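Visitor: what follows is a predicted structure for the sequence shown.
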Amino acid sequence: AQSVTQPDIHITVSEGASLELRCNYSYGATPYLFWYVQSPGQGLQLLLKYFSGDTLVQGIKGFEAEFKRSQSSFNLRKPSVHWSDAAEYFCAVAPGGYNKLIFGAGTRLAVHP
Amino acid sequence: EAGVVQSPRYKIIEKKQPVAFWCNPISGHNTLYWYRQNLGQGPELLIRYENEEAVDDSQLPKDRFSAERLKGVDSTLKIQPAELGDSAVYLCASSLEGTSGGAGFFGPGTRLTVL
């Protein structure tokens, strides 16, 4: 069965520090891959997505993610974190041919001033 | 452009009572999804509509949950009767078929508490 693993439940970084959130998926082929952010009381907002092509994907709010087929990973990165980035981040996959998302359990990001 | 609208935003009910959630998708979006998000978890798909047809309801607990999307626009998700384990956030999302690969624009959700 398809699954998404986000190994880090909670991460704390200092403002201005770099960030990497990990995501691994289990699927026989390359699925569509997504990162969403959810702020308290807000809906999920799409940060970026990967369908095919260049494995380094740029998203909104200065985020990027890199798809690594050999590691079945799609890690999210940001070079310099802002206090407003504190939120919960979800990695999701859409197995090819299926128009639905399978989400990981999320990583909660805290940012220290 | 307005986003996905959901109401109510919060609902508290006693167990065994019925409850209904309403969703108005983004104008022109023919695909509509209902997800359930339990505390500390990622959302899980309950049902997906293409226009007015439910094309994936494999995860919908059909003994107590029902959904409809009349005229292929607004949708209602109902639980009858509610159980304690139904406490969660119910998210609605919408997208244009064939353009999103499964991703959708999400509404703010309805937080249900069953006492």
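Guide: All right, it came through fine. Numbering: from 1, shown residues only, chains lettered A, B, ... in the order given.
Visitor: burial count for B:Leu70?
Guide: 9 (other CB atoms under 10 Å in any protein chain shown). C-beta here means a position set from N, CA and C on the backbone, and glycine is covered the same way.
Visitor: same check, this time on B:Ile13
Guide: Other residues near B:Ile13 number 17, with proximity taken as other CB under 10 Å.
Visitor: with A:Gly43 instead?
Guide: The number of residues packed around A:Gly43, counting by other CB under 10 Å, is 19.
Visitor: residue contacts, it?
Guide: Taking CB atoms under 8 Å, 6 or more residues apart in numbering or on different chains, we find A:Gly43 in contact with B:3-4, B:91, B:106-109.
Visitor: ok, it to B:Leu32 distance?
Guide: Distance of A:Gly43 to B:Leu32, given as CB to CB, to the nearest Å: 14 Å.
Visitor: just checking, what packs against whichever strand or helix holds B:Lys78?
Guide: Following DSSP states H and E, the helix or strand that holds B:Lys78 is strand B:75-79. Counting contacts by 3 or more CB pairs under 8 Å, 6 or more residues apart in numbering or on different chains; DSSP states H and E, strand B:75-79 is packed against strand B:19-24, strand B:31-37, strand B:44-50, strand B:65-68, strand B:88-95.
Visitor: and B:Asp57, which of those is closest to it?
Guide: If you check each of these against B:Asp57 by CB to CB, strand B:44-50 wins as the nearest, at 4.5 Å.
Visitor: how much does the closest one deviate in direction from strand B:88-95?
Guide: The directions of strand B:44-50 and strand B:88-95 differ by 30 degrees, with axes from the mean of the first three to the mean of the last three CA atoms, to 10 degrees as the criterion.
Visitor: mind listing what the most centrally placed residue in chain B touches?
Guide: Nearest to the centroid of the C-alpha atoms of chain B, with distances taken as CA atoms, centre = their mean, sits B:Trp34, at 2.9 Å. Going by CB under 8 Å, 6+ apart, B:Trp34 touches B:23, B:45-48, B:67, B:75, B:77, B:90-92.
Visitor: residues in chain A within reach of chain B, list them.
Guide: Counting by CB under 8 Å from any CB of the partner chain, the positions of chain A adjacent to chain B are A:4, A:32, A:34, A:36, A:41-46, A:49, A:51, A:90, A:92, A:94, A:98-106.
Visitor: these two touch, right, A:Arg22 and A:Gln6?
Guide: Yes. Taking contact to mean CB atoms under 8 Å, the distance of 6.6 Å between A:Arg22 and A:Gln6 places them in contact.
Visitor: overlap of the contact sets of the two?
Guide: Between them, A:Arg22 and A:Gln6 share these contacting residues under CB under 8 Å, 6+ apart: A:Thr107.
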